[in-house]
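Peer 1: Here is a sequence together with a model predicted from it:
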Amino acid sequence: ARYKRMKGFNVLHPMGFDAFGLPAEQYALETGQHPAVTTEKNIARYKEQLDNIGFCYDWEREVRTSEPNYYKWTQWIFLQLFHSWYDRKQQKARSIKELITIFEKEGNTNNACPDDDKLCFDAKAWAAMSEKEKRDTLMKYRLAFQGYAEVWWCEALGTVLANDEVVNGVSERGGHPVIRKQMRQWFLRITEYADRLLTSLDKLEWSDAMKEMQRNWIGKSNGAEVRFDVQGFADKHITVFTTRPDTIFGVDFMVLAPEHDLVDTITTAEQKEAIAEYKKYVQSRSERERMAEVKQVTGCFTGAYVTHPFTRKQVPIWISEYVLAGYGTGAIMAVPSGDDRDHAFAKHFEIPITNIFGSNYNGEAAYTDKTGTLENSGFLSGIDVAKATDVAIRAIVDAGIGKGKVNYRMR
């Protein structure tokens, strides 16, 4: 900035202070000083140090997140999101009042619910809803909405912590114990914008590497949602999203996230103690640790089984930290001959592996390429891997056990 100014350029070089948060609050509790006083002192000290270093910031444009003239706008933005829904046909946000008008005329027949694709009602059913039911329905459409999620809860600090505020199972500030806890949270429905974000990348004058990074972050994937019925429970089933429905005959076990709603219900009496112990271990692990850990294999058998929808064989249900409750359906169909993590899991726990790739699978490592033909795969046997996905999705739909679906990594 200094170099450009010396060259005669007009330079915009502001600075700001993110001064609203847990450290200021905790310091106030510990010392009895008002956070407005301590924050002011800290900012003055920072500015003194920055000036001593010789930085040429434009202090006339200084930003402080703790001041009302700043955060009134974050609150304003939140209200715009709360009072809006995303119209998929027009590919833009619209007022929630317009959605109410649509519901009064035709129900949600032409506007599928982003939070529950089974929700379907006409104008008459909408009119018959109570005020609470209407509120709950609108919450499933709002761009800013309330839902439940697994979060880090610190009892000593009395607050939820972000992943980077937790180190080795304790709070970074104070070293207090933290646990994973299901709590009501505010969310932003950014997944509704996923396709718009993807197509907009083409119009940006960014580097190809940066665009590719964004595409991977959005993580659009086409696949299928498949239902597996739990044995011994007439009304219980596990739904999985898979990008490889062509490998359905290679399913050797199911894996649920330890936090999955069904775990406590389906776990057998013999396995309850082991499952409880494993869930306690997972509570101390962050999502980042759970996803990054590839060498250490951990998991626990629930004692329960699902029925394979095509072969009718019984498939064991496990839980493991490498499956996250917040991604997809919180459950996977494990195909060890075609997935590295599933393969490591099967080898570690000595689960028999079904080979659906013939000579391409050597028994030592999963075959993850999408080439060759399928074997040992019922009606998919002999079909080229690249073509088998469409055949598998049609069969899944025809059997009434699932549907084709698009999923996003972005949450």
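Peer 2: Thanks, I have the structure now.
Peer 1: and V255, helix, strand or coil?
Peer 2: Three-state assignment for V255 (DSSP: H, G, I helix; E, B strand; the rest coil): strand.
Peer 1: which other helices and strands contact the strand or helix carrying D342?
Peer 2: Using DSSP states H and E, D342 sits in helix 340-348. For helix 340-348, the packing partners by 3 or more Cβ pairs under 8 Å, 6 or more residues apart in numbering; DSSP states H and E come out as strand 253-256, strand 331-334. Where you see a C-beta, it was placed from the backbone N, CA and C, and this is true even at glycine.
Peer 1: Quick check: next helix or strand after it?
Peer 2: The C-terminal neighbour of helix 340-348 among helices and strands, as given by DSSP H and E, is helix 385-398.
Peer 1: Which elements pack onto that next one?
Peer 2: Here helix 385-398 touches strand 220-230, strand 402-408, going by 3+ Cβ pairs under 8 Å, 6+ apart.
Peer 1: and the last one with helix 385-398, angle?
Peer 2: When axes from the mean of the first three to the mean of the last three Cα atoms, to 10 degrees is applied, the directions of strand 402-408 and helix 385-398 differ by 120 degrees.
Peer 1: what about the helices and strands packed on helix 340-348, which gets the closest to W85?
Peer 2: In terms of Cβ to Cβ, the element of these nearest to W85 is strand 331-334, at 28.6 Å.
Peer 1: quick one: strands adjacent to that closest one?
Peer 2: strand 253-256 (antiparallel) (DSSP bridges).
Peer 1: who's in contact with the strand it pairs with?
Peer 2: Surrounding strand 253-256, the residues in contact under the criterion Cβ atoms under 8 Å, 6 or more residues apart in numbering are 228, 238, 240, 262-263, 299, 302, 306, 315-320, 322-323, 330-334, 342, 345-346, 351.
Peer 1: After that strand, which helix or strand is next?
Peer 2: Assignment by DSSP H and E places the next element after strand 253-256 at helix 263-266.
Peer 1: what sits up against that following helix?
Peer 2: For helix 263-266, the external contacting residues (Cβ under 8 Å, 6+ apart) are 230, 233, 236, 256, 275, 279, 302, 304, 317, 319.
Peer 1: Could you identify the pair within those that is furthest apart?
Peer 2: The distance between the two most remote of those (Cβ to Cβ) is 20.0 Å, for F233 and K279.
Peer 1: of the two, who's got more company?
Peer 2: K279 (18 against 13; other Cβ atoms under 10 Å).
Peer 1: Let me know the secondary structure of that one.
Peer 2: Secondary structure, three-state DSSP: K279 is helix.
Peer 1: Not counting sequence-adjacent ones, nearest residue to it?
Peer 2: P258 (4.8 Å; Cβ to Cβ, 6 or more residues apart in numbering).
Peer 1: got it, and R341?
Peer 2: Nearest in space to R341, with sequence neighbours left out and distances taken as Cβ to Cβ, 6+ apart, is Y322 at 5.7 Å.
Peer 1: And for that neighbour, the neighbour number?
Peer 2: 20.
Peer 1: What is the neighbour count of L138?
Peer 2: Neighbour count for L138, taken as other Cβ under 10 Å: 16.
Peer 1: no, scratch that, I was asking about S337
Peer 2: 25.
Peer 1: Also the one 3 residues further on?
Peer 2: Residues contacting D340 under the criterion other Cβ under 10 Å number 13.
Peer 1: At which residues are the helices of the chain located?
Peer 2: Using DSSP state H, the helices of the chain run over 2-6, 22-31, 35-53, 68-82, 96-106, 123-128, 131-139, 194-201, 208-218, 263-266, 272-282, 287-292, 340-348, 385-398.
Peer 1: between these, which gets nearest to G174?
Peer 2: Across those, closest to G174 is helix 22-31 (Cβ to Cβ), at 7.2 Å.
Peer 1: Identify each buried residue in the closest one, please.
Peer 2: 22-24, 26-28 (16 or more other Cβ atoms under 10 Å).
Peer 1: Closest one of the residues you listed to Y361?
Peer 2: Nearest to Y361 out of the buried residues of helix 22-31 is L22 (Cβ to Cβ; 50.0 Å).
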